[in-house]
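> Here you go, sequence then predicted model.
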There are 2 protein chains.
Amino acid sequence: MRLSKMHLKTLREAPKEAVLEGHQLLIRANLIKQYAAGVYMFMPMGWRVTRKVEQIVREEMDRIGCQEIHMPHINPGELWKESGRWYAYGPELWRIQDRNERDFVLNPTCEEMFTDLARQEVSSYRELPFSFYHIQFKYRDEARPRYGLMRSREFIMKDSYSYDRDVEGMNKSYMEEWEAYERIFTRCGLDYRVIEADNGPIGGSASHEFCALSDVGESEVAYCPDCGMAATIERAECVDEAPAVEEMEPVTEVFTPGTKTIEDVCNYLDLPVEKSIKALMFVTYDNDLNPADYVAVFVRGDRQVNMIKLVNALNIPEHYIEFADEEEMGPVTGCVGGFTGPIGLKNCIKVVDSELVDTVNMCAGANKEDHHCTGVCYGRDYVGDIVVDVKRLEEGMPCPKCGTPVKHTRGIEVGQIFKLGTKYSESMKTYFKDENGNDCLYYMGCYGVGVTRTVQAIIEQSHDEKGIIWPMSVAPYHVIVTVINPADETQAAIASQIEAELEKHRVEVIVDDRDERPGVKFNDADLIGIPVRITVGKKAKDGIVEYKLRRESEMAEKTVEEAIQAAKDLFDAEVFGM
Amino acid sequence: MRLSKMHLKTLREAPKEAVLEGHQLLIRANLIKQYAAGVYMFMPMGWRVTRKVEQIVREEMDRIGCQEIHMPHINPGELWKESGRWYAYGPELWRIQDRNERDFVLNPTCEEMFTDLARQEVSSYRELPFSFYHIQFKYRDEARPRYGLMRSREFIMKDSYSYDRDVEGMNKSYMEEWEAYERIFTRCGLDYRVIEADNGPIGGSASHEFCALSDVGESEVAYCPDCGMAATIERAECVDEAPAVEEMEPVTEVFTPGTKTIEDVCNYLDLPVEKSIKALMFVTYDNDLNPADYVAVFVRGDRQVNMIKLVNALNIPEHYIEFADEEEMGPVTGCVGGFTGPIGLKNCIKVVDSELVDTVNMCAGANKEDHHCTGVCYGRDYVGDIVVDVKRLEEGMPCPKCGTPVKHTRGIEVGQIFKLGTKYSESMKTYFKDENGNDCLYYMGCYGVGVTRTVQAIIEQSHDEKGIIWPMSVAPYHVIVTVINPADETQAAIASQIEAELEKHRVEVIVDDRDERPGVKFNDADLIGIPVRITVGKKAKDGIVEYKLRRESEMAEKTVEEAIQAAKDLFDAEVFGM
């Protein structure tokens, strides 16, 4: 391909809304173009990379015997009503209607469709296990689409679904996908970790995220430097500190004027923060988004509430809860903003962090303006309606597996796998017949790869101040032949020779034959990140060219034949050697 | 691939709403599955075929230097408002909103987006000409989705757009696409014709359809058996018969009780039908779908009105017109249902077919119950506000090019190409700078291939009572190895040997190793239409297998080596030989 015939409009500056370097480079290198918030066009080079990532995913799915199909992008609302997610899925679910006012959704994910497929197509245990996948555009009407392809409203996802007759089968399918994902992200050149994750709105019994490590990732990860435990902050379990063993004191109301925060009251009373109880008040909503319940959450004063653990404990979707207006709920529950405590609180669900169980002589709000209580003891003075680990695992807290203080890092979620169990086969009454003719529920798994997000994750991990550094496996072209003076016949002929010989070997070559200054060409080559640059300049008349890898700073003079051979060898090792 | 591990659920019967054989076979062979009216899922074999057609299209687009990009499926409503098509495009345009009530459309076609792309990305004549394409799902919210993939609401289309600086450039780009289309449909094994077509809602100055000939096609085609003229009925020009040369008679009102049709009145007055004038009354609507104008159309009594020619003459979209309620418009225009004629009609646009110009002594309605006029002469008694060829070219009418009586046939529109001229660059103010720094409008072309429709067109043209007969170029697999008794070790080993040797040659093989009766296997192989069947049965122990082409009835015994070689040769000739 000749660059003079290809559209490439690189930019010196990215628009200011692009804050991540990967997003900036996607735009500056003319790989994508924004068309509406979170809606992108893929330009020639960007689409080539995307299709390569897609092809890697396809090959690894085929390798484990998963069968490719294609679901429609729009699917009937009835299926979502049947599973209940029509209501439970937040406003990210893009609900549309056709001309006859029939409800559809633009697929955000496809559990309903795939469950229905099994219900329609498969009837006997003899056909199990099986798995299907598709690679298609998905839609999520995000409140704040941002960060380029990291959180866009239209994005490519591979999702696959496995169907098994029992838990053992599901676990085996889960591991096969896990291993396929390891091959996918390795081939894409990513530095990633597999971490325990929350199942979120997909549901099910277990889940792992494949996280490309990156400071700009949206996934917060807690990990143990000792034992290797790694989990999203949302998911990470906490070890409860054992309650102090003390004589119980009586509950005493004390005057604590103006001490609305935990810090204030502990300072005022000269108490360690661990001896206080923090209260947070929420309101939940039902399917019609009418207020349902008030919820009071209690954790130790030095802990933070983990919202995901909370909604899981309440068994409601994430968008069915928000902070309550304490003035409004005061008359109903007895709470007093800044002075709320567990004693005497009524007409609300009390969620108590498991760490508070058996604690004694704690300080908590007195449900009375400017007053707290001391001597508050769990069991004697209050109990929880729900008692559960509802706190965040902060940096420095002990690892739930080995006790070593954990660390935090960030990552980009490029894949996630879920054990769904019978969640969807149950809600959608999907059975197969076993050997005895009995109806049995499928055990399902579902598995997603964010294809377009992976493209950006690769850039986030692999770039420098000059631009992108593509791994060979997904580079839009493997080699760029930069011709210093395309009008020079010798240079033009040698460029054509290199192009022809490499293409015969299936190496993808782009020749920069534009009528531009060499500096412009070098800058563009670096910006778009082609792995190998062969520069054909003055010494071409002596059969000498420059050979340079994008990822290295050194440049070497080689004969034309040596340069061709070096590029072929690199291609064989890094594209076909994997 | 082993059929025992692949999902394939063939059906004996198609659902009764599938009336076309191609649609029936798509469903019976488990290639597609309906999920809502006009919304389909592609099952493993069906998706393989679709991807192969897609790849043929891609290769031929790349060959002419067209660059692949990818547009979002949803695009901003503002662009459609800018071009005016937000209003002019009928209810097939699927208009949706996001959570912030911003308007989007699900792409039915992408002229606006591609025009905008040029506006944003290209500025100089030096970058011209160029062309882009994408292959993506498109959406049309059809009133009556039907006939399987022929008229579905979600379908795959390749569309490309060319940008040139002048008419000559546009014509050259148009011919390059034309030739690419010929290669595409030839490689897909279709029997097709290129015919003149109406530009329809896309607009522009000229258009051609690529029609796969088929009795079940929705395109009605008029063609000349002599000179090769071929055009859609909507587009086909008519030759006006010269008016009879007669002395003008005076207009005479005659009593014609109960003669509401042309046939009735001509019988009653004993006139040839060609001496009568037929009147048809319409009402048009504006952008807000409020009534705009009444329209009276006059053609010779033996002619039919061509609605496309009519809306083109009125310069309105097809869905902005419908038959008028004659009772309602009577007081306004003076028309009288069944007795409407041109004399004295008021407050409406009179569209007169060009053939009526200079006709004399015609019979027309008198705008008075039970009365007609005779002696009606064009020019003396009435004239048209619009005079234009507004009639259908019926079978037997003279060819507009050579005069030979034309014939009619039907075809499936698998591709259409359009010269857009400056329609979109004008409405969307899209310019490039010429050598002198002047702003110039682009000359654009747009070009579509119905990828999924092509899949069905191939089946409509290539099947028999047993099932589909795929051409090698798009077959889901090239060879099926049918193992009569998979439990027999010799048979199993020979099947594996054939599979391995053919796959090494890149031939795609599916082995039917299911525990089923041979009859079931043969029926499925014929139904899904794999081009080559190699049957491994009892004679396998002597190294003999059966070799049969799906498209031929004869079957031959061959040695294993001969069968492998024959399959390889066929593959080389028909997949790579093209």
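Looks like it came in fine.
> And stretch A:89-103, what's buried?
A:89, A:93, A:94, A:95, A:96, A:98 (16 or more other C-beta atoms under 10 Å in any protein chain shown). To be clear about C-beta, it is placed using only N, CA and C from the backbone, and glycine gets the same treatment.
> any chance of the residues you listed in TSV, plus distance to chain B, pLDDT and secondary structure?
As requested, the buried residues of stretch A:89-103 are exported to TSV (distance: C-beta to the nearest C-beta, whole Å; pLDDT from 0 to 100; DSSP: H, G, I helix; E, B strand; the rest coil):
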residue	distance to chain B	pLDDT	secondary structure
A:89	13	87	coil
A:93	10	94	coil
A:94	7	95	strand
A:95	9	95	strand
A:96	5	95	strand
A:98	5	94	coil
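> Looking at these, spot the one nearest residue A:299.
Residue A:299 lies nearest to residue A:89 out of the buried residues of stretch A:89-103, by C-beta to C-beta, at 28.5 Å.
> what's that closest one in contact with, if anything?
Shown in contact with residue A:89 (C-beta atoms under 8 Å, 6 or more residues apart in numbering or on different chains): A:80, A:108, A:201, A:317.
> What is the neighbour count of residue A:346?
As a burial measure, residue A:346 scores 11 neighbours (other C-beta atoms under 10 Å in any protein chain shown).
> What are the buried residues along the top strand by length along chain A?
Ranked by residue count under DSSP state E, the longest strand found in chain A is strand A:407-421. By 16+ other C-beta under 10 Å, the buried positions in strand A:407-421 come out as A:409, A:411, A:412, A:413, A:414, A:415, A:416, A:417, A:418, A:419, A:420, A:421.
> thought residue A:297 was touching residue A:310?
Yes: the pair residue A:297 / residue A:310 is scored as a contact, 6.3 Å apart, by C-beta atoms under 8 Å.
> Now the common contact residues for the two.
With C-beta under 8 Å, 6+ apart as the test, residue A:297 and residue A:310 both reach A:282, A:351, A:390.
> From chain B, how far out is the first one?
Going back to what we said before, that points to residue A:282. Using C-beta to the nearest C-beta, to the nearest Å, residue A:282 is found at 23 Å from chain B.
> do residue A:390 as well
Distance from residue A:390 to chain B, by C-beta to the nearest C-beta: 30 Å.
> contacting residues for that residue?
Per C-beta under 8 Å, 6+ apart, neighbours of residue A:390: A:297, A:299, A:305, A:306, A:309, A:310, A:313, A:351, A:353, A:354.
> out of those residues, which one sits closest to chain B?
residue A:310 (24.5 Å; C-beta to the nearest C-beta).
> OK, contacts around that closest one?
Residue A:310 neighbours (C-beta under 8 Å, 6+ apart): A:282, A:295, A:297, A:321, A:351, A:390.
> Tell me the strands beside the helix or strand containing the first one, with direction?
Put plainly, it is residue A:282. According to DSSP states H and E, residue A:282 maps onto strand A:277-285. Strands that pair with strand A:277-285, judged by DSSP bridges, come out as strand A:291-300 (antiparallel), strand A:321-323 (antiparallel).
> my guess is residue A:132 is in a strand, correct?
Yes: according to DSSP: H, G, I helix; E, B strand; the rest coil, residue A:132 belongs to a strand.
> At the contact with chain B, which residues of the stretch 51-200 of chain A appear?
Proximity of the stretch 51-200 of chain A to chain B (C-beta under 8 Å from any C-beta of the partner chain) is limited to residues A:65, A:67-76, A:91, A:94, A:96, A:98-99, A:102, A:104, A:106, A:113, A:117, A:120-122, A:127, A:130, A:132, A:137, A:139, A:141, A:143, A:153-154.
> Make a PyMOL selection of the buried ones in those.
This is the PyMOL syntax for the buried subset of these, where burial follows 16+ other C-beta under 10 Å:
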select buried, chain A and resi 67+68+69+70+71+72+73+74+75+76+94+96+98+104+106+113+117+121+122+130+132+137+139+141+153+154
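> can you tell me which of the residues of the stretch 51-200 of chain A next to chain B are in strands?
Those of these lying in strands (DSSP E): A:67-68, A:74-76, A:94, A:96, A:104, A:106, A:130, A:132, A:137, A:139, A:154.
> Quick one: those as CSV, columns for distance to residue A:470 too.
Conversion of those to CSV gives the following (distance: C-beta to C-beta, whole Å):
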residue, distance to residue A:470
A:67, 30
A:68, 26
A:74, 34
A:75, 35
A:76, 40
A:94, 32
A:96, 37
A:104, 38
A:106, 31
A:130, 36
A:132, 31
A:137, 23
A:139, 28
A:154, 23
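> Kindly indicate which of these lies nearest residue B:405.
Nearest to residue B:405 among these, with distances taken as C-beta to C-beta, is residue A:74, at 46.9 Å.
> show me what contacts the closest one?
A:96, A:104, A:105, A:106, A:107, B:36, B:39, B:106, B:139, B:153, B:154.
> Please consider this matter closed, and thank you.
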